[in-house]
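A.B. asks: Pasted the sequence and its predicted model underneath.
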Amino acid sequence: MSKGEITMSELWVALSDIPADGREFSFADQSIWQDRWKEFGMNAAPGEKNLEANVTILPQGDEAALVRGTLKGSVKVPCDRCATPYEIEIDTSFDLYEELPAEGEEEEAEETRLRKNDNGVVELDMAALLWEELALALPIKPLCSDGCKGICPGCGRDLNTEECACPQDEGDPRLAVFRDLKIK
């Protein structure tokens, strides 16, 4: 491995090792999420509460599994308006059905988190599954508060903590007639 190369966490669970009535797993290793933050260039950091997933895997035949679980903890991300880091509470549950694509359909199938290893054992990539659940739990536009004023586009000051003296742009003078327009 070369210096600076990012290695993604992989956590493969063999379905053949799980009894028919399922097995519960607990995942608290923070590298599952933090390695992906680096890979995708996400400016995030661990929060006060470590992320923890509790998952039940129920095999559905030899090449499919039902995955039920919860993901709890917190993550610090920058506000989309002012760039100040703030903590987001994560508390989500999920039910997923994963199925190995039929032979010949691998290219057309949506991304699956199941694979057959070199020994023919079907495995489930829990690291990818847990990363996806975290990504889905995060807001699309994270805001530290609904009233966040953001930063000044002229001087870069955080308008939540201080005022700026930059001249305010009044916009295109040809559209001034529309400023006082009231829609009923």
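C.D. replies: Alright, I've got the coordinates.
A.B. asks: rest of the way, CA atoms for contacts and neighbours
C.D. replies: Will do.
A.B. asks: Let me know whether Ile90 touches Thr70 as I believe.
C.D. replies: No. Between Ile90 and Thr70 no contact is recorded; they are 9.8 Å apart, counting by Cα atoms under 8 Å.
A.B. asks: List the contacts of Lys141.
C.D. replies: Residues in contact with Lys141, defined by Cα atoms under 8 Å, 6 or more residues apart in numbering, are Asp80.
A.B. asks: Same question for Glu63.
C.D. replies: 99-100, 122.
A.B. asks: Tell me which of the residues you listed fall in helices.
C.D. replies: When DSSP state H is applied, these are split such that none fall in helices.
A.B. asks: Closest to Ala135 out of these?
C.D. replies: Distances from Ala135 to these, taken as Cα to Cα, are shortest for Glu99 (21.3 Å).
A.B. asks: partners of the helix or strand containing Val55, with directions?
C.D. replies: According to DSSP states H and E, Val55 maps onto strand 52-59. Paired neighbours of strand 52-59 in the sheet (DSSP bridges): strand 23-27 (antiparallel), strand 64-78 (antiparallel).
A.B. asks: which residues touch that strand?
C.D. replies: 15, 18-29, 65-73, 130.
A.B. asks: Can I get it as PDB, trimmed to CA atoms?
C.D. replies: This file holds the C-alpha atoms of strand 52-59, laid out as PDB (Å, rounded to 0.1, in the frame of the first residue of the first chain):
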ATOM      1  CA  GLU A  52     -23.300   1.800  17.200                       C
ATOM      2  CA  ALA A  53     -25.400  -0.600  15.100                       C
ATOM      3  CA  ASN A  54     -27.400  -3.500  16.400                       C
ATOM      4  CA  VAL A  55     -28.300  -5.800  13.500                       C
ATOM      5  CA  THR A  56     -30.200  -9.100  13.100                       C
ATOM      6  CA  ILE A  57     -29.400 -11.100   9.900                       C
ATOM      7  CA  LEU A  58     -31.900 -13.700   8.900                       C
ATOM      8  CA  PRO A  59     -30.800 -15.900   6.000                       C
END
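A.B. asks: Tell me where the model's unsure across the protein.
C.D. replies: 1-9, 104-111 (pLDDT under 70).
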